[in-house]
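Undergrad: Make a model of this:
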Amino acid sequence: MNRRSIFRMTLLGAFGAATLYAGTVSAQEAYKIGIISPMSGANARYGAFANKGANLAAKEINAAGGVMGRKIEFVSGDSQCVPAEGVSATKRMVSFDKLPVIIGDICSSVTLAMQPLVEEANVLLVNAASSNPMITYKAGVGGFKWTFRNYPTDESRAAIVLEHAVKNRGLKSFAVLSVDSDYGRGAINFTKKYLPRFPEAKILSEDYYKDSETDFRPVLSKIKNSGAQAILMYGLADTTPIIARQMLELGLAGKVMLVGNAEFNTAKTIAAAPTVLNGSIEAAAWLPEWTSARSQKFVEEYKKAYGGEMPNNHAYTHWETTHLIAAAIKSAGSLKNEDIRNALAKIKYDSAMGPTSFDDHNQAILPMVLLEVADGKPVIKSAIASKVDYPK
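TA: Residues are numbered from 1 along each chain as shown. Here you go, the predicted model:
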């Protein structure tokens with residue numbers, strides 16, 4: 001073989017290697033983020049909303065140049081709202097996919113199971129939907145430095161609802177009628193925790209119902225005779241209309257308000273007993289009716305992208321959380337996990353709900369929408385944020 005042939009083969013080899021290397025770089029150009037949510041099972045519709053919201057945000061970010069010049073691409077995992085499935089998906093994303101950031105999960109039990117895994121791997125977990133306060137009790141200065149939550153907790157909801165009911169509506173005497181579950185009892189325990197902030201307020205009676213119950217007349221009669229001004233109810237959407245109709249039967253309409261979170265503001269519930277639901281108070285992380293320009297633009301773009309479908313809360317929070325992560329990367333000026341984590345801890349972010357920052361437990365301090373039913377329709381009153389009093 002002569003020198004010219006050897007030179008030509010060397011050039012071809014070098015060109016081939018360069019082409020192979022260029023292909024590898026091209027394949028790595030996307031900045032991949034994990035998203036774990038229920039994509040099958042009873043909660044699959046919530047996971048579908050979450051993924052749609054996140055992917056819409058990625059499309060918007062990519063159209064604006066991506067993050068550090070790289071496009072965002074999602075790798076999805078199905079938790080089925082089962083901790084073991086969420087753990088399996090997390091292990092795959094950490095060990096096989098080598099993902100730097102994971103968004104998840106909608107179900108608190110799954111997020112709690114994910115926390116030790118991401119902590120050990122130094123992978124950033126940004127939660128966009130779980131509401132169990134324990135997630136951030138254990139985060140930041142609580143231990144898990146790699147877990148952040150961009151979502152209100154059951155505790156902050158209870159504190160916000162109580163503050164509005166007492167300070168803005170002048171309610172002072174309450175009766176409890178909540179679902180007999182971790183959620184229902186937990187919300188009332190949080191309400192009791194913040195009750196000392198308002199010395200004029202008191203709870204007169206406390207009752208819980210099973211999800212199969214249909215006759216609430218005995219407990220409602222007791223509440224009527226107690227003189228309570230409002231019922232603290234954290235319960236089931238299908239049960240609320242039943243309670244409302246029975247309150248109407250007992251003459252409680254306009255005399256005892258419903259306060260808490262049990263879908264008081266839906267058309268179905270209001271139709272069951274409009275005079276009972278008038279004046280009811282509820283708090284939500286976000287609503288499509290929220291009037292900020294950023295929120296309304298999100299609703300328009302989501303409907304345009306998904307055939308007119310109206311986004312729900314999970315679509316919004318995953319959309320916003322994806323933009324939040326991109327903002328943290330921009331602030332850090334780096335794609336290194338630790339740099340992004342440090343930037344997120346210090347970020348001042350303008351969300352559709354208002355200014356957002358994180359406390360020392362990596363919990364977002366963000367406003368919730370306060371709703372009241374007036375003349376048979378839900379009316380947005382304001383947005384209020386409340387700081388959490390962490391256990392010492």
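Undergrad: quick check: domain ranges of this protein?
TA: Following automatic domain parsing, one finds the domains of the chain at 31-152+290-361, 155-284+370-384.
Undergrad: Nearest to P391, out of those?
TA: When the domains of the chain are compared by C-beta to C-beta, domain 31-152+290-361 sits nearest P391, at 6.5 Å. For every residue, glycine as well, the C-beta is placed using N, CA and C.
Undergrad: Help me confirm that A327 comes into contact with Y349.
TA: Yes - with contact defined as C-beta atoms under 8 Å, A327 reaches Y349; the gap is 5.6 Å.
Undergrad: all strands for the stretch 51-200 of the chain, in order.
TA: 72-78, 101-104, 124-127, 147-149, 173-179 (DSSP state E, counting those that start in this stretch).
Undergrad: ok, back up a step: can you redo the domains of the chain as a markdown table with distance to P391 and mean neighbour count?
TA: Below are the domains of the chain laid out as a markdown table (distance: least, C-beta to C-beta, whole Å; neighbours: other C-beta atoms under 10 Å):
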| stretch | distance to P391 | mean neighbour count |
| --- | --- | --- |
| domain 31-152+290-361 | 7 | 20 |
| domain 155-284+370-384 | 10 | 19 |
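Undergrad: And stretch 250-264, end to end?
TA: Terminal residues of stretch 250-264 are spaced 19 Å apart (C-alpha to C-alpha, to the nearest Å).
Undergrad: what's the spacing between it and its chain's center?
TA: 26 Å (C-alpha atoms, centre = their mean, to the nearest Å).
Undergrad: tell me the mean pLDDT for it?
TA: Average pLDDT, stretch 250-264: 95.
Undergrad: again, but for stretch 188-201
TA: The model assigns stretch 188-201 a mean pLDDT of 96.
Undergrad: ok, the most centrally placed residue in the chain - contacts?
TA: Centroid-nearest residue in the chain, with C-alpha atoms, centre = their mean: A129, separated by 2.6 Å. Taking C-beta atoms under 8 Å, 6 or more residues apart in numbering, we find A129 in contact with S37, Y46, A50, D105, I106, Y151, N313, H314, T317, H318.
Undergrad: now, which of the residues you listed sits nearest T266?
TA: N313 (13.0 Å).
Undergrad: so the closest one touches W286, yeah?
TA: Yes - counting by C-beta under 8 Å, W286 is a contact partner of N313 at 5.4 Å.
Undergrad: Of all the domains of the chain, which one is nearest Y390?
TA: domain 31-152+290-361 (6.1 Å).
Undergrad: model confidence over that closest one, on average?
TA: Mean predicted confidence for domain 31-152+290-361 is 96.
Undergrad: quick one: what helix or strand has E372 in it?
TA: Secondary-structure assignment from DSSP states H and E places E372 in strand 368-374.
Undergrad: about what we covered before: between the strands of the stretch 51-200 of the chain, which one is closest to A237.
TA: strand 173-179 (10.4 Å).
Undergrad: Report the strands that pair with the closest one, each with its relative direction.
TA: Using DSSP bridges, strand 173-179 pairs in its sheet with strand 202-209 (parallel), strand 230-234 (parallel).
Undergrad: With E163 as the reference, name the closest of the ones you listed.
TA: Nearest of the strands paired with strand 173-179 (C-beta to C-beta): strand 230-234, 13.2 Å.
Undergrad: got the contact list for the helix or strand just after that closest one?
TA: Next in sequence after strand 230-234, counting helices and strands by DSSP H and E, comes helix 240-249. The contact list for helix 240-249, computed with C-beta under 8 Å, 6+ apart, reads 177, 214-217, 220, 233, 235, 253, 256, 258, 262-264, 268-269, 271-273, 275-277.
Undergrad: Kindly report the same for stretch 34-49.
TA: 50-51, 54, 74-82, 86, 89-90, 93, 97, 99, 101-107, 110, 114, 129, 311-312, 314-315, 318.
Undergrad: May I have that stretch as CSV, with CA atoms only?
TA: Taking Å, rounded to 0.1, in the frame of the first residue of the first chain, the C-alpha atoms of stretch 34-49 are listed here in CSV:
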residue,chain,number,x,y,z
GLY,A,34,-37.5,12.9,34.4
ILE,A,35,-41.2,13.1,35.1
ILE,A,36,-42.8,10.5,37.3
SER,A,37,-46.6,10.5,37.6
PRO,A,38,-49.5,8.0,37.5
MET,A,39,-50.0,7.1,33.8
SER,A,40,-52.1,4.1,34.5
GLY,A,41,-54.5,3.1,37.2
ALA,A,42,-57.2,5.1,39.0
ASN,A,43,-55.2,8.4,38.9
ALA,A,44,-54.1,8.2,35.3
ARG,A,45,-56.0,11.3,34.2
TYR,A,46,-54.0,13.4,36.6
GLY,A,47,-50.8,12.0,35.3
ALA,A,48,-51.9,12.8,31.7
PHE,A,49,-52.6,16.4,32.7
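Undergrad: List the contacts of the nearest residue to N127 once chain neighbours are set aside.
TA: Nearest non-adjacent residue to N127, counting by C-beta to C-beta, 6 or more residues apart in numbering: R149, 4.2 Å away. By C-beta under 8 Å, 6+ apart, the residues touching R149 are V126, N127, S130, I135, T136, A139, N362, Q363, A364.
Undergrad: Also I281?
TA: V161, H164, A165, R169, M257, L258, V259, G260, F264, L370, L371, E372.
Undergrad: and stretch 176-183, how far out from the chain's middle?
TA: That offset, for stretch 176-183, works out to 20 Å (C-alpha atoms, centre = their mean).
Undergrad: Give me the contacts around it.
TA: 154, 184-185, 187-188, 203, 205-211, 216, 219-220, 223, 231-236, 239, 243, 260, 262.
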